[in-house]
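Colleague: kindly generate the corresponding structure for this input.
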Amino acid sequence: MISKTQKMKLNDGHYIPVLGFGTYTTEEHLNKKPMDFVKIAIDVGFRHVDCSHFYQNEKEVGQAIRNKIEDGTVKREDIFCTSKLWSTSHRPELVRPSLENSLRKLNMNYIDLYLIHFPVSLKPGDDILPQDEHGNIILDTVDLCATWEAMEKCKDAGLAKSIGVSNFNCRQLEMILNKPGLKYKPVCNQVECHPYLNQSKMLEYCKMNDIILVAYGALGTQRYKYCVNEDTPFLLDDPVLCTMAKIYKQTPALIALRYQLQRGIVVLVKSFNEERIRENIQVFDFQLTSGHMKILDGLHRNLRYFPADMFSAHPNFPFFDEY
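Modeller: Numbering: from 1, shown residues only. Sure thing, here's the model as predicted:
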């Protein structure tokens, strides 16, 4: 069974594949070609591809998808492609131009899902992370409800089939949900989520509001050298995961991914290793017992691998808190 047969219904009626292929490339992997690995992912059965303006790889991702369409592997409607509005384009008048720019790079007429990447606004301009002469991030003051209204207009224009958010906490989600004149609820909230950070409160809140939780960093392996202490534990070395992997004759990574799927979470997984990409699609071949699910719940330790420090001066920080 491959991922294109496993989907969840969004609150706007569209469907999202529950297993997605992440494309963010760290400095340590600049020599990797995301286009090659996206093509491999599509070949083995991935039908959900996640990218972003911030990742600066939309052109390569779009070309990989186009190549697989041209060789007959898939049709455009088979692929669920996500991209994200970066923080320098939160001003309402910049939202649609930013999306149109992403669509040009992706060589697509529409995006399946467009997200507000972070609930933090930065100074508009060409710099991804605008800084002052002292190296401090330059923030901007924007009403995210106004940003959301511009996102809604993009959906109405057919440029994005679905719209959602990423890295929002419950208060920020509630701000959008309670906005006067709200036309479309966010279909999802994409957040870091893995057994060491199971986001149980956020998941409960999202389910109550018919919002899908999408997990990035699902294998807990994003050890960013500029913010993660070298003593931070490797999730996939966890003895509980390793023991469970032996029981199910699977890998610790597949146990971690299966755990999220059975919680009703859409999971993004990233790899620059062809063997692991092929392995990850096997997450549909087994199921964890309720007892083992409870044991995995117990691994939560509120541990984050993602670098939040670059926005620490923002008045809404810490926006990574669930509440």
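Colleague: a helix runs through residue 165, doesn't it?
Modeller: No. Using DSSP: H, G, I helix; E, B strand; the rest coil, the assignment for residue 165 is strand, not a helix.
Colleague: and it, how many residues sit next to it?
Modeller: 26 (other Cβ atoms under 10 Å). To be clear about C-beta, it is placed using only N, CA and C from the backbone, and glycine gets the same treatment.
Colleague: how much space between it and residue 115?
Modeller: Separation of residue 165 from residue 115 (Cβ to Cβ, to the nearest Å) stands at 6 Å.
Colleague: can you give me the buried ones in stretch 181-200?
Modeller: Buried residues in stretch 181-200, counted by 16 or more other Cβ atoms under 10 Å: 184-199.
Colleague: what is in contact with residue 165 and residue 115 at once?
Modeller: Residues touching both residue 165 and residue 115 comprise 188, 190, with contact defined as Cβ atoms under 8 Å, 6 or more residues apart in numbering.
Colleague: what's the average pLDDT for the helix or strand containing residue 189?
Modeller: In the assignment (DSSP states H and E), residue 189 maps to strand 188-192. Averaging pLDDT along strand 188-192 gives 97.
Colleague: in a strand, that's where residue 158 is, yeah?
Modeller: No. Residue 158 sits outside any strand when classified using three-state DSSP, being coil.
Colleague: hmm, residue 110 and it touching each other?
Modeller: Yes. Using Cβ atoms under 8 Å as the test, residue 158 is close enough to residue 110 to be in contact (6.0 Å).
Colleague: and the two? Which one has more around it.
Modeller: Applying other Cβ under 10 Å to residue 158 and residue 110 shows that residue 110 carries more neighbours, namely 17 against 9.
Colleague: touching the helix or strand residue 246 falls within from outside, list them.
Modeller: With elements taken from DSSP H and E, the one containing residue 246 is helix 239-248. Applying Cβ under 8 Å, 6+ apart, the external contacts of helix 239-248 come out as 195, 235, 251-252, 254-256, 286, 288, 292, 295-296, 298-299.
Colleague: give me the subset of those residues that lies in strands.
Modeller: Using DSSP state E, no member of the contacts of helix 239-248 sits in strands.
Colleague: just the buried ones from those residues?
Modeller: 195, 235, 251, 252, 254, 255, 256, 288, 292, 295, 296, 299.
Colleague: closest one of these to residue 264?
Modeller: Distances from residue 264 to the buried ones among the contacts of helix 239-248, taken as Cβ to Cβ, are shortest for residue 288 (13.4 Å).
Colleague: OK, contacts around the closest residue to residue 207 other than its chain neighbours?
Modeller: Once flanking residues are discounted, residue 207 sits nearest to residue 264: 7.0 Å by Cβ to Cβ, 6 or more residues apart in numbering. Residues touching residue 264, when contacts are defined by Cβ under 8 Å, 6+ apart, comprise 8, 203, 207, 213.
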